[in-house]
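1. what's the 3D shape of this:
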Amino acid sequence: MGKLPKEIILYGEGVPEEYIDALHSYLNDKLGYGTILRKGYIVYNERAPFVLASLRIRGPHGERREPLPLEIEVEKRGLERRSPPKGVIYDGWEFMRYIRSLLPSHSISRLHILITTRLLSTEEGGIHHIRAILLGYPCIISTSGLVEGPAKPRKFYLFRRLGNEELYRAVEEDNSLRHDDPRLPLVLRGYTLQALFYHATGNPFCKDKGCCLYNAHWQDELIYAQLESPYELCPLHKNLLEELKKGNG
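-> Predicted coordinates for the structure are as follows:
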């Protein structure tokens, strides 16, 4: 059946501190006292500006090159301010490997979850795609990826091609997440549970479109699963979580 982690450590990078505080409280309420919850910070080493700049994706096929001095400097300033550069896309799996090397411990009884504003992409079918979540060690959730990853309504792309900015904004606001969207903290709950189920069972997703574990590929799917569905977890996964909690009791 699987097993819940003994400890969950939440890290924030570029996101408001209250996002991490809200997730901490939510998971404490959701899991009870069977799992220790705490907050941490990723401590980057002195090579971080160069490494991060070298992980920048330069094209749709994941092209990378030696970083320019200005790019390294931009990464350095971003780390000093704890605010990653906006609009930059990084190789997701390589970024995960680098973060893993910085973690203080690699125990399988610990679940490390990083909430970041960085845009992360991975290859699928020869093309890189922006991701909302990367499941591994650690698990990484990108708030920018939640906005840019799942496809927006088809009308959105038509309006953008026509250059109609008023309709562009209307469609984005009504049917899609936005950067700094006040709904993001609620959406992060479901994606954090995906990381939890991945760690506990190896299977983070659900076929039920109303379950927060549903692997949404469109913004309307994401919004329904995370915000509009009458239930958070489907009956199957709700019961499974209760069984997992008993195992940690």
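
2. alpha carbons only for contacts and neighbour counts from here, please
-> Noted.

3. now do the same end-to-end measure for stretch 222-230.
-> 14 Å (CA to CA, to the nearest Å).

4. what does that stretch contact?
-> Outside stretch 222-230, the residues that touch it by CA atoms under 8 Å, 6 or more residues apart in numbering are 150, 175-177, 186-187, 190, 209-216, 232.

5. flag the least confident of these.
-> Lowest pLDDT within those is found at Asn175 (76).

6. nearest residue to it in space, please, no chain neighbours.
-> Nearest residue to Asn175 in three dimensions, chain neighbours excluded: Asp220, at 6.2 Å (CA to CA, 6 or more residues apart in numbering).

7. just to revisit the earlier point, which of the contacts of stretch 222-230 count as buried?
-> 150, 176-177, 187, 190, 209-216, 232 (16 or more other CA atoms under 10 Å).

8. CSV for the residues you listed, including distance to Val51?
-> Compiled in CSV, the buried ones among the contacts of stretch 222-230 are given as follows (distance: CA to CA, whole Å):
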residue, distance to Val51
Pro150, 27
Ser176, 33
Leu177, 30
Val187, 30
Gly190, 31
Lys209, 38
Gly210, 39
Cys211, 37
Cys212, 34
Leu213, 33
Tyr214, 33
Asn215, 30
Ala216, 31
Glu232, 38
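
9. quick check, nearest of those to Ile140?
-> Distance to Ile140 across the buried ones among the contacts of stretch 222-230 (CA to CA) is lowest for Gly190, with 13.3 Å.

10. so that closest one sits in a helix?
-> Yes - according to DSSP: H, G, I helix; E, B strand; the rest coil, Gly190 belongs to a helix.

11. apart from its neighbours in sequence, what residue is nearest it?
-> The nearest residue in space to Gly190 (CA to CA, 6+ apart) is Cys212, at 4.9 Å.

12. give the helix, strand or coil label for the one you found.
-> Under three-state DSSP, Cys212 falls in the coil class.

13. between the buried ones among the contacts of stretch 222-230, which sits nearest Tyr19?
-> Closest approach between the buried ones among the contacts of stretch 222-230 and Tyr19, by CA to CA: Val187, at 10.7 Å.

14. for the closest one, what are phi and psi?
-> phi -60, psi -40 (degrees, to the nearest 10).

15. same check, this time on Leu55
-> phi -90, psi 0.

16. can you check the one 4 residues further on too?
-> In this entry, Gly59 is assigned phi and psi values of phi -170, psi 170 (degrees, to the nearest 10).

17. with Thr122 instead?
-> According to degrees, to the nearest 10, Thr122 has phi -130, psi 160.

18. please name the nearest non-neighbouring residue to it.
-> Closest to Thr122 by CA to CA, 6+ apart is His128, at 5.1 Å.

19. now for the one you found: which residues touch it?
-> Taking CA under 8 Å, 6+ apart as the test, what His128 contacts is Pro60, His61, Gly62, Ser121, Thr122.

20. for it, which three-state class applies?
-> Per three-state DSSP, His128 ends up strand.

21. how about the backbone phi and psi for the residue nearest to Leu119 when sequence neighbours are not counted?
-> Among residues not flanking Leu119 along the chain, Ile89 sits closest, at 4.8 Å (CA to CA, 6+ apart). Backbone torsions for Ile89, taken as degrees, to the nearest 10, come to phi -110, psi 130.

22. same thing with Trp218?
-> Torsion angles, degrees, to the nearest 10, at Trp218: phi -120, psi 150.

23. that one: neighbour count?
-> 15 (other CA atoms under 10 Å).

24. report the beta-bridge partner residues of it.
-> Applying DSSP bridges to Trp218 gives these bridge partners: Ala151.
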